[in-house]
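> Sequence and predicted structure, then a few things I'm wondering about:
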Amino acid sequence: MNKLIVSSSPHIRTNNDTPRIMLDVIIALIPALIAGTIIYGIRSLLVVFTCVLTSVVSEFLFNLATKREQSVFDFTAIITGLILGLSLHANAPVWQCVIGSAFAIIVVKCLFGGLGANFANPAATARVFLLVCFSSTLAGGANPVDLKAGATPLEQLANGEKLPDLMDMLLGNRGGSIGEACIIALVIGFAYLVFRRVIHFETPLIMVATVFLLTLIVTGDVNTALYHVLGGGLVFGAVFMATDYVTTPITRTGKMIFAFGCGLITFLIRMYGNYPEGVSFAILLMNILSPYIESWTKPKAFGKRGSK
Amino acid sequence: MFRIGNLKLPHKKHTADMKDARISTPNTVVLPMSQYIGAPALPIVKVGQQVCVGTKVAEADGKVSAAIHSPVSGIVKKIGDFLLANGKSCQAITIESDGKMTLDPGITPPVVNSAEDLCQAIRESGLVGLGGAGFPTANKLENAINKKIDMIIVNGAECEPYITIDNRTMIDGAEYVARGVKLIEKFIPGPQQIVIAIEENKPDAIAKLTALLKDDPKVRIEVLPSIYPQGAEKILIYNLTGRVVPEGKLPSDVGCVMFNVTSVAFMAHYLETGIPFVWKTVTVDGSAVKSPKNVTAPIGTSLRDILTFADADFNNLGKVLYGGPMMGIAAYNLDDPIYKNTSAVIALNKADSLPKTQYPCIHCGKCIQNCPVGLNPTAFVKAMNISDKNDRAAMLEKASVLSCIDCGCCSYVCPSRRPLVENNKLAKADLRKTLASKNN
């Protein structure tokens, strides 16, 4: 006899599965990759490609060694590699890219249980790790054209040097990391993610607005506040790191609080800390607070709300 | 306008324009004693006894229960144990049809002169709520009479994919719906308004009922957006009135009583003919059904007979569902019968039935954003990992698991295809068990 299949309801599922969402994130990162390659040259591709390849291979080998189900086909390792590569500058040494990506995947992601179980953003953590270990080669950013290590606009701002004009800041014609420079490319990626309903528009907006407003209040200068928004990795981090599902609070209100916290800490580090940049540190610190934010923002069950 | 729910599902209402087709009389019918919420009915016939269409074969046991009548004429073959598709067991009466469909000579239209008469008559008819859960209709009528009610809602939302029987009732049986509404108006004078709620994807039904009832000042037809789960009782009450039915309470506690539109039409039909609730129209559709249709069949007809009638592909059959794809229960045996509250028989082919690849939870929060009753399904997953049953129960209670309405939205939207609804159901059963053992 023909056996029937039984299972719990529902019997239909959305087609928008996890690999599809991850593919959307990859698509959203492509404009930044193209812009970075145009601005900083073909070596950008080498950096990003090294990070992606190392990430995927690390995850593959880790799963093999620990006899886990192979998970490289969910595309998440590619994203970690892409985001890490794009957050480095174009003349980052290849061996450092390899160490950073392997650290992101093996230590930050896989050792905590793989996709969904890590508490810190792998790319942000690896970036901080590289920054601390190899500050002589990785701090600052590469200059466009000649790729010589040079000051980023935020360092120039801190040192009172001459700044690129705001139009160049928007287009990305300035020193910095591969993916962070061209704001227009990042906005395209942001719009795509919002359109595809992968992220909520408010998370990046709140983070960026917090930095802008706090800087404006403290310095009283719109221009400085604008440089703080357009310079450094703020927009890149806000769109691609602060919106990571796994390491941010699960509730929408929680995500808003998270975004505000990221903005606040970025501002504090930039204004009063030793680093001209603060985005990765801010995201990492807020990752640690995520479980607490989540427990403060539990949804209230319908039957326990009062009548309106 | 209040609004809960934002899930847009594929409607797949292929049978929306199809009048129901009558199935030929099946050789046997199986009547489980538990076809609704409440105590199982008690058999009052013996094996070998001759029965007719409409002969009562089991009577209601206690207050919340419903009588069961024979849908065919013939001989009682067997009374034995039966395992329902939902995993519970009860007794079932098997009746072999003689093919004549002789009506029980004792059937006469009931005489109804008061609200109490109406309750009594509907109790005798064996009618249960046809929206899904199958709460005995007589109990709802009692609530409508005895409690302070200011609004009666007639639910014609029908938000599950595929199903179109309520839509057809509102078109082909519009007269009966209107007469049913007038009955309620006449015998339950308390409520100031009667609202008929219909989703906007049923324009024919809206037009037909509007034409029939537009002159009645007490009746209002409310057109609602086609979103899931619009037709769920508590959600519909909120979206119409803004009233919140508290956890563990009934709609009558906030001044509302809701009837399914097909139940209302049946009430009018019953008062006219006196024929008890023995026939049911179900939508037969799904990827394994070659000619989808609305089928009217005796309650107790086997799924096999019904699927044969709609030309199902038996070689490529994966799942057969009682009800729609969001909340329906998967049948384990094609020889099982349709129940009183079966709204559809959905047959899916093998490709559509096999489980899809699962991934780990990525904390995307889509389950929370799409939960119509504001729950966090991932909290129940965490709670169910606690080994101590009292700690587990405490956490489940704190997370309001009993508010869950099994609508299926969380599992539907989950990109990692976690079995969230399955876990919710387990969690509810687990909490109820722990609470019950505490109370004893």
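Thanks, I have the structure now. Numbering: from 1, shown residues only, chains lettered A, B, ... in the order given.

> For the rest of this, base every contact and every neighbour count on C-alpha atoms.
OK.

> Identify the residue nearest the geometric centre of chain A.
Centroid-nearest residue in chain A: A:M241, 2.4 Å away (criterion: C-alpha atoms, centre = their mean).

> now chain B
By C-alpha atoms, centre = their mean, the most central residue of chain B is B:G132, 1.4 Å off.

> Quick check: it vs chain A, distance?
Separation of B:G132 from chain A (C-alpha to the nearest C-alpha, to the nearest Å) stands at 14 Å.

> Repeat that for B:T137.
Distance check for B:T137 against chain A: by C-alpha to the nearest C-alpha, it reads 24 Å.

> quick check, stretch B:11-18 touching chain A?
No. Stretch B:11-18 lies out of reach of chain A by C-alpha under 8 Å from any C-alpha of the partner chain, never closer than 12.1 Å.

> Return the residues in contact with the residue nearest to the centre of chain B.
B:G132 is in contact with B:323, B:341-343, counting by C-alpha atoms under 8 Å, 6 or more residues apart in numbering or on different chains.

> Also B:L334?
The neighbours of B:L334, taking C-alpha under 8 Å, 6+ apart as the test, are B:302-304, B:320.

> B:W279 too?
B:71, B:296-299.

> neighbour-wise, which of those leads?
Of all the contacts of B:W279, the highest neighbour tally under other C-alpha atoms under 10 Å in any protein chain shown goes to B:P71, namely 33 neighbours.

> Am I right that it is in a helix?
No. Counting by DSSP: H, G, I helix; E, B strand; the rest coil, B:P71 falls outside a helix, being coil.

> roughly how far apart are it and chain A?
As judged by C-alpha to the nearest C-alpha, B:P71 and chain A stand 27 Å apart.

> separation between that residue and A:R196?
According to C-alpha to C-alpha, to the nearest Å, B:P71 and A:R196 sit 52 Å apart.

> What of A:S9?
Taking C-alpha to C-alpha, one finds A:S9 at 26 Å from A:R196.

> Who has more neighbours out of these two?
The residue with more neighbours, out of A:S9 and A:R196, is A:S9; 25 against 14, by other C-alpha under 10 Å.

> residue ranges with poor pLDDT in chain A?
Filtered on pLDDT under 70, chain A yields the residue ranges A:1-2, A:136-150, A:305-308.

> and it, which residues reach chain B?
With C-alpha under 8 Å from any C-alpha as the criterion, chain A meets chain B at residues A:2-18, A:21, A:115-117, A:245-252, A:298-308.

> Pull out the buried members of those.
By neighbour count, with 16 or more other C-alpha atoms under 10 Å in any protein chain shown, the residues of chain A next to chain B hold A:4-13, A:16-18, A:21, A:115-117, A:245-252, A:298-299, A:301-303 as buried.

> Show the residue spans covered by the strands in chain A.
All strands of chain A, identified by DSSP state E, fall at A:141-142, A:149-150.

> And stretch A:181-193, how far out from the chain middle?
How far stretch A:181-193 lies from its chain's middle: 13 Å, per C-alpha atoms, centre = their mean, to the nearest Å.

> Ignoring the adjacent residues along the chain, who's closest to residue 47?
Picking chain A for this. In space, A:V47 comes closest to A:G85 once its chain neighbours are excluded; the distance is 5.9 Å by C-alpha to C-alpha, 6 or more residues apart in numbering or on different chains.

> Correction: the question concerned chain B.
B:V76 (5.0 Å).

> Which strand or helix spans that neighbour?
According to DSSP states H and E, B:V76 maps onto strand B:74-83.
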